[in-house]
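**Q** sequence first, then the predicted structure, then my questions.
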Amino acid sequence: MVASADSAAKLRAETSGRVIGTLKKLGHWLQSRVLEAGRMPVDSFFGPQKVELGTTPGKLRLLFIADKAGIDTAALTSNDLSDLRIFTGSRVVYALTTARVAGAVAQTMIYDYRIHNDNRSHFGVPLGCLEVKLVDKGEVKTTEERAKGEVSVYRG
């Protein structure tokens with residue numbers, strides 16, 4: 001399933017509001033520790049309830065979240081991505097996209113469950129088929145002391 005960063009943030013906010021009570025919070029904490037250990041958590045008796053997505057029967061396996069470059073949207077944190085993995089029971093890929101590139105510019109790895117203590121999740125390295133350059137634009141120039149400029153993406 002492909003979703004925008006705004007839709008994923010809304011889903012996470014709605015679902016995390018249902019984690020009420022000591023047993024549900026304990027289950028969520030335990031499932032978070034399982035993710036940090038590098039494994040997908042399984043359903044448990046007192047864990048958070050899984051979200052029902054779509055009408056087709058079956059299990060959601062991958063949630064691809066696209067965040068458009070240059071648009072001021074609420075950035076997802078690594079805690080948000082972890083919660084989405086727990087609530088949907090699926091792997092989550094968070095990707096930076098742009099209009100002139102067919103697909104992602106950079107994206108997280110499918111098995112990267114790390115939680116960073118920062119305000120924003122990383123997107124990972126640029127994809128292998130792309131070349132990313134920092135280009136001088138106007139008065140913004142790269143010097144020996146600092147790297148500053150406009151990011152340009154070239155398809156190889």
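**A** That came through, no problem.

**Q** quickly list the domain ranges of the chain.
**A** By the assignment in automatic domain parsing, the chain contains the domains 2-125, 129-156.

**Q** point out the most buried one among the ones you listed.
**A** domain 2-125 (a mean of 15; mean count of other CB atoms under 10 Å). From N, CA and C alone the C-beta is placed, and that goes for glycine too.

**Q** which one's the longest helix in the protein?
**A** helix 22-36 (DSSP state H).

**Q** quick one: the helix or strand that that one is followed by to chain centroid distance?
**A** The helix or strand immediately downstream of helix 22-36 is strand 62-68, counting by DSSP states H and E. The chain centroid and the centroid of strand 62-68 are separated by 7 Å, computed with CA atoms, centre = their mean, to the nearest Å.

**Q** against which helices or strands is strand 62-68 packed?
**A** strand 2-4, helix 5-16, helix 78-88, strand 91-97 (3 or more CB pairs under 8 Å, 6 or more residues apart in numbering; DSSP states H and E).

**Q** avg pLDDT for the longest helix of the chain?
**A** Mean pLDDT, helix 22-36: 85.

**Q** counting by contacts, list what that helix packs against.
**A** On a contact count with 3+ CB pairs under 8 Å, 6+ apart, helix 22-36 meets helix 78-88.

**Q** list the helices and strands the helix it packs on packs on?
**A** helix 5-16, helix 22-36, strand 62-68, strand 91-97.

**Q** could I get the ones you listed as a markdown table with distance to V125?
**A** Shown next, in a markdown table, are those (distance: least, CB to CB, whole Å):
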| stretch | distance to V125 |
| --- | --- |
| helix 5-16 | 19 |
| helix 22-36 | 22 |
| strand 62-68 | 16 |
| strand 91-97 | 11 |
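
**Q** returning to what we had before: what angle separates the longest helix of the chain from helix 5-16?
**A** Interaxial angle of helix 22-36 relative to helix 5-16 (axes from the mean of the first three to the mean of the last three CA atoms, to 10 degrees): 140 degrees.

**Q** pLDDT wise, what is the residue nearest the centre of the chain at?
**A** The chain has Y94 as the residue nearest its centroid, 3.3 Å off, counting by CA atoms, centre = their mean. What the model reports for Y94 is a pLDDT of 91.
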